[in-house]
Structures are given as C-alpha cells and as structure tokens.
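Enquirer: what follows is a predicted structure for the sequence shown.
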Amino acid sequence: MEAPARGSAASSSLPRVVAASLIGTTIEWYDYFLYGTAAALVFGKLFFPNTDPLTGTLLSFLTYAIGFAARPIGALVFGHFGDRIGRKKLLVVSLLLMGGSTTAIGLLPTYDSVGVAAPVLLTALRLVQGFALGGEWGGAVLLVSEHGDQRRRGFWASWPQGGAPAGNLLAAGVLSLMTAVQSESAFLAWGWRVPFLLSAVLVGVGMWIRLAVEESPLFRQAVANRPETERAPLVGVLRHHWREVLVAMGARMAENISYYVMTTFVLTYAVTHAHFDKQSALNAVLIASAIQFALIPLFGALSDRVGRKPVYLVGAAGVGVWAFVFFGMVDTRSFGALVAAVSVGLVFHSAMYAPQAAFFSELFATRLRYSGASIGAQFASVAAGAPAPLIATALLKDYGSATPISVYVAVAAALTVLAVLCARETRGQDLAEVEKPAADGATVERPAVARESSR
C-alpha cells in the first residue's frame, strides 16, 4: 500500500487540525479536571456532609475515581467506531457528551435538598464524563498524528496534549476567581456551579471549530484498502498488537499517577495538612499548569530530535525521585515552595506526556490505531489515575505522613521505566506501513514497534 500523498491541502490544514484538537481537548479536560478540583475543595461538604472533612473528601474522590471506570468502555466503543467510520465524527460525539454531563453537574441539587439521590446523580454524570474522555484522547492525538509528517510528529502531536494543562489551568483559574470574589458561604451556595455551567458555552465554541476540520488522510486511505472480511478492530489489536498495548499501559503508570497526585490530591494535602488557604493552593496549580503548557511542545520537539524513549525515561525517573522532595516542600508552608514543588513535578510529567501522543500513535497500525492507542491509554488509567487521589488520601489518613505516598509514586515510576525500556524506539516511523498477510487470511499493517527506527 502506498502512503497517501502529502499534498498541499493536507499540509495547509495541519494548523487548523492542531487548533481544533487542542481546543477540543482543552474543553474536555477543563470539564474533567473541574470535577477533580471541586471534589478536592467542595463536593465533600455538598454531597457527603455527614462525615468528618477528610472522610468527606475521600468519598468525593471515590466518585471522582468511578469516572475512570467508564474510560476503558469509552475507549472500546469510540475506538471501534473511530477505526470504522472516522476520527472526526467520534470527536464531535465525545465533545457533546462531555459538555452535556458537565453542564448537568452545575444544575444538580445537593445532599441537603434531595438526600442520597444527590451523590447518586453526581456519580452517574461522572460516569458519562469518563466515557466521553475515554474516546476523546485517542481521536484527538491521532487526527493530528495522521495529518502531520513523520519528521515533526512529536512536536505537532504534542499540542493536543497541551489540552490537559490548559484545561486544568482554565478549571483552576475559574474556581480560583470564584473563591477570590465570593465568601465561603456564597461559593458553597451557588458559586461552585458557575464553572460547570460555563461548559455549555465552551462546547459551542469547540463544536464550531472541530466541525471545520477534515478527516485523517491516512484513515481515508486505510478505509479504501480495507478487506470486506476484516475482523473488528478490537480483535485485531488483541491478536497483533497486544505487546504494544502492554507497553502503552506501563508507560502510563508514572505519568498518570504523578499527575493526579501533584495536581488534584495536592489541593487536599495543601489545605488540610499544610494549612494553606484554598486560594493559594489553586493559584499554585494555576501557575504550574501555565508552565507545563509552554513546556509540552518543547519536549515534543525534543523527542523528534533525540527519540521518544530518552525523553520519556528522563520524565519517569525524574518524577520518581521528585516525589520524595515534593511533599517536604509543601510542608514548609511557603507559597513559593508550593509553586516550585508542583511546577518541577509537572516539568518531569511533561517529559512523559509530550512524546506520548506520537509514541502511542506509532505503536499501532492505521486501521487499528484508534482502538489500540485508546485501549492502552485508558485501561491503564483505571489502575493509575483513577485511584491515585483516593490512595494518596487513604495513605495520609492512615499514616499521617506523605512518605508512603512518595513510595507509591516511585513504584509507579519504576514500572514505567521498565515498560519504556521494553519498547523499541519509534521516532521517524512512517504511519503508512506496508501491509503483510495475517495468519487468518486478513491483512494487517505492520506495527511500527516491530522494527528499529532507521534514525
């Protein structure tokens, strides 16, 4: 199979595709992180009021973690249809689902109004958020990866990754503004709802931009050459790419766990253990997220020069060591130290997160890529990001010390280092690989990880 032509139309549309993916992922992550931030600061009081503060936070983090359980389901469903009917259509659906569920959270009655129905409804909407995000990530990074050229794929594909810090920046910024201009009672009464309701406006903007982009040229080419008897994408992934799925899952452990410990759990730790006010804790995450947004494309570009693996390994090893410094800096109760702790943690996280989009895209064949990348990324999130704030809160509650939390992050870092070392370098791979016969008579594209990069 010949690679699709890299014509001027495809090239000229790349900035638009990047912008659409970045804005879309920013909105999706804004919605998703908004829940995590609210879980750390207000949901314990509003939806689980009959408990002590730390237990209430623990319960609100439990509803937060439940959303991750829906992410693998979203990965399976969106991956299947994304590999069948296209990346763009599924990205529109994911944006609508995420925006609708987030806006609905802003309209929810609290425990004082409807009793136990309040946390039940909150949990249901969190599941919808998780389902949508499970399908969003794979489609957004693949749309850019499959439009761009292989020499600068790490740089261009890293831009949708910037949606995570941008979304966190936006979520923390809006909540920080609301807490700054309102009293505690006003914020708990209605102010917390405003950021959730704002999602409806953001989704409208995102839809307008996302509908204007073209479908991936590589996907169109793959559809044109698809055998009529080809099995479902999931079957192909499990038959031909199971090693790549395991690599992706392992690579996600340190990246996912460290991020949620250092951006979500840190809000609880800083307020309840180090006695910062909410405004200072939010501002620290705000500043660090802005720094990370600027760093991600730089690390993406670096992975184009030196390879995906070296950059990823530096990030994983760095975050494992930094976990033992992180909480000590927060415990100084200095705002500057808090900002530095979160910022350096996110520098190491960026070294993993930036090349991840291109790295995972290069692991899978085109007709299986949405399913493969999504399954590897989202199944890992159930074991990594989902329980991270929950485990960190429980460890703090049981031991009264952050040392066990640091050990927890360091173990995750060791798993990621092992997984990345087991992978082959993928920098410079052409995503339009030549097809080869499969054992069952169908055809599959050769996985990029099957051979060393020529660079």
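Expert: Sure, I can see it.
Enquirer: so which helix or strand takes in residue 328?
Expert: Under the criterion of DSSP states H and E, residue 328 resides in helix 308-331.
Enquirer: give me the mean pLDDT for that helix.
Expert: In this model, helix 308-331 has a mean pLDDT of 97.
Enquirer: what's that helix packed up against?
Expert: Counting contacts by 3 or more CB pairs under 8 Å, 6 or more residues apart in numbering; DSSP states H and E, helix 308-331 is packed against helix 242-260, helix 278-306, helix 335-361, helix 403-422. (Each C-beta comes from the backbone N, C-alpha and C, glycine too.)
Enquirer: middle-most residue in this protein, spatially?
Expert: residue 164 (6.2 Å; CA atoms, centre = their mean).
Enquirer: show me the contacts for the nearest residue to that one once chain neighbours are set aside.
Expert: Closest residue in space to residue 164, ignoring its immediate chain neighbours: residue 29 at 4.9 Å, by CB to CB, 6 or more residues apart in numbering. Applying CB atoms under 8 Å, 6 or more residues apart in numbering, we find residue 29 in contact with 133, 163, 164, 166, 167, 168, 171.
Enquirer: look up how far residue 74 lies from the closest residue to residue 382 other than its chain neighbours.
Expert: Closest residue to residue 382 apart from its sequence neighbours, by CB to CB, 6+ apart: residue 68 at 5.3 Å. As judged by CB to CB, to the nearest Å, residue 68 and residue 74 stand 10 Å apart.
Enquirer: and residue 45, by the same measure?
Expert: 30 Å.
Enquirer: more neighbours: the two, which one.
Expert: In this view residue 45 and residue 74 are compared by other CB atoms under 10 Å, and residue 74 has more residues nearby, 26 against 18.
Enquirer: distance from whichever strand or helix holds the residue nearest to residue 382 to the middle of the chain?
Expert: Per DSSP H and E: residue 68 is located in helix 53-69. Distance of helix 53-69 from the chain centroid (CA atoms, centre = their mean, to the nearest Å) equals 18 Å.
Enquirer: please apply the same query to stretch 301-313.
Expert: Its chain's C-alpha centre and that of stretch 301-313 lie 19 Å apart, by CA atoms, centre = their mean.
Enquirer: ditto for stretch 251-270
Expert: 12 Å.
Enquirer: and for stretch 199-217?
Expert: The answer for stretch 199-217 is 19 Å, by CA atoms, centre = their mean.
Enquirer: also stretch 269-282?
Expert: 24 Å.
Enquirer: in it, what's buried?
Expert: Buried residues in stretch 269-282, counted by 16 or more other CB atoms under 10 Å: 269, 270, 271, 273, 274, 276, 278, 280, 281, 282.
Enquirer: same thing with stretch 320-330?
Expert: Neighbour counts over stretch 320-330 (16+ other CB under 10 Å) mark 320, 322, 323, 326, 327, 329, 330 as buried.
Enquirer: export the residues you listed as CSV, with columns for distance to residue 314.
Expert: Listed next are the buried residues of stretch 320-330 as CSV, based on distance: CB to CB, whole Å:
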residue, distance to residue 314
320, 11
322, 12
323, 15
326, 17
327, 22
329, 21
330, 23
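Enquirer: need the contact list for the residue nearest to the centre of the chain.
Expert: Per CB under 8 Å, 6+ apart, neighbours of residue 164: 25, 29, 33, 259, 353.
Enquirer: could these go into TSV alongside distance to residue 215?
Expert: Below are the contacts of residue 164 laid out as TSV (distance: CB to CB, whole Å):
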residue	distance to residue 215
25	18
29	23
33	29
259	31
353	26
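Enquirer: specify which member of these is nearest to residue 397.
Expert: residue 259 (21.5 Å; CB to CB).
Enquirer: residue contacts, the residue nearest to that closest one when sequence neighbours are not counted?
Expert: Excluding the flanking residues, the one nearest residue 259 by CB to CB, 6+ apart is residue 349, at 5.4 Å. The neighbours of residue 349, taking CB under 8 Å, 6+ apart as the test, are 255, 258, 259, 262, 292, 315, 319.
Enquirer: neighbour-wise, which one of these leads?
Expert: Of those, with other CB under 10 Å as the count, residue 258 tops at 33 neighbours.
Enquirer: give me the spatial nearest neighbour of that residue, chain neighbours excluded.
Expert: residue 319 (4.4 Å).
Enquirer: now swap in residue 266 and tell me
Expert: In space, and not counting its chain neighbours, residue 266 is closest to residue 342: 6.2 Å by CB to CB, 6+ apart.
Enquirer: wait, the one you found touches residue 265, no?
Expert: No: using CB atoms under 8 Å as the test, residue 342 is too far from residue 265 to be in contact (11.1 Å).
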